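S.K.: Only the shape, not the letters, is given here:
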């Protein structure tokens, strides 16, 4: 009898998780279309996104990997930064896969206070085949090790962006904006 109970309880435990993921994917699509008029999945691949509390306000935020078709226009709800600026690409007008972090500012994503922070890539930093979007939650065992490398003290969830060279870079919240931290390469 115990085996039958366990067998039937497992699907019930998994059901809310899959519904939540479906709802988050729908929410992400709505947010992308609302803020950027992004064409629905141009290459029929799944939208890559993660959730976490990236600014420490206690509300869920969403980070999404997307490819803008043009320069996003800054508004009261959209902030745009180009953190991957190096001397060779300062005047680039080509846009690669970039990140947007949506911050919920209230009980609903459809609030006019929801904010989008675009981390625009003018180089292919997020284009590599092995790229994975990783989030370190403040409850994770290794979280303290990651944040100890940052130039500021933070207790928020952290966005980790691995590189081809095997050196992780980090997006973190500091004084009202997201900043990119690229550790020095140690030989």
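M.R.: That came through fine. Values in this document were obtained by computation on a predicted structure and should not be read as measured data.
S.K.: so how far is residue 184 from the residue nearest to the spatial centre of the chain?
M.R.: Within the chain, the residue whose C-alpha comes closest to the C-alpha centroid is residue 63; the distance, by CA atoms, centre = their mean, is 2.1 Å. Using CB to CB, to the nearest Å, residue 63 is found at 25 Å from residue 184. From N, CA and C alone the C-beta is placed, and that goes for glycine too.
S.K.: by contact count, what packs against the helix or strand containing residue 145?
M.R.: Assigned by DSSP states H and E, residue 145 falls within helix 143-147. Applying 3 or more CB pairs under 8 Å, 6 or more residues apart in numbering; DSSP states H and E, we find helix 143-147 packed against strand 134-136, strand 158-161.
S.K.: residues in contact with that helix?
M.R.: Contacts made with helix 143-147 from outside it, assessed by CB atoms under 8 Å, 6 or more residues apart in numbering, are listed as 136-137, 153-155, 158, 160, 168, 170, 172.
S.K.: tell me which residues in that helix are buried?
M.R.: Buried residues in helix 143-147, defined by neighbour count with 16 or more other CB atoms under 10 Å: 143, 146-147.
S.K.: would you list the residues you listed in TSV and tack on distance to residue 72 and pLDDT?
M.R.: As requested, those are arranged in TSV below (distance: CB to CB, whole Å; pLDDT from 0 to 100):
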residue	distance to residue 72	pLDDT
143	30	93
146	28	92
147	28	93
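S.K.: what about this structure, any weak spots by pLDDT?
M.R.: With pLDDT under 70 as the threshold, the chain has low-confidence stretches at 1-22, 38-45, 86-92, 185-187.
S.K.: if we can go back for a sec, emit the PyMOL select command for whichever of the contacts of helix 143-147 are buried.
M.R.: To isolate the buried ones among the contacts of helix 143-147 in PyMOL, judged by 16+ other CB under 10 Å, type:
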select buried, resi 136+154+158+160+168+170+172
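S.K.: And the contacts of helix 143-147, which is closest to residue 180?
M.R.: residue 170 (7.3 Å; CB to CB).
S.K.: Could you measure from the closest residue to the closest one other than its chain neighbours over to residue 34?
M.R.: Computed as CB to CB, 6 or more residues apart in numbering, the closest residue to residue 170 that is not its neighbour in sequence is residue 181, at 4.5 Å. Counting by CB to CB, the separation of residue 181 from residue 34 is 30 Å.
S.K.: Among those two, which residue is more densely surrounded?
M.R.: Neighbours of residue 181 and residue 34, each counted by other CB atoms under 10 Å, are more numerous for residue 181; the result is 19 against 15.
S.K.: show me what contacts the more buried one?
M.R.: Each residue near residue 181 by CB under 8 Å, 6+ apart is listed here: 149-151, 169-172.
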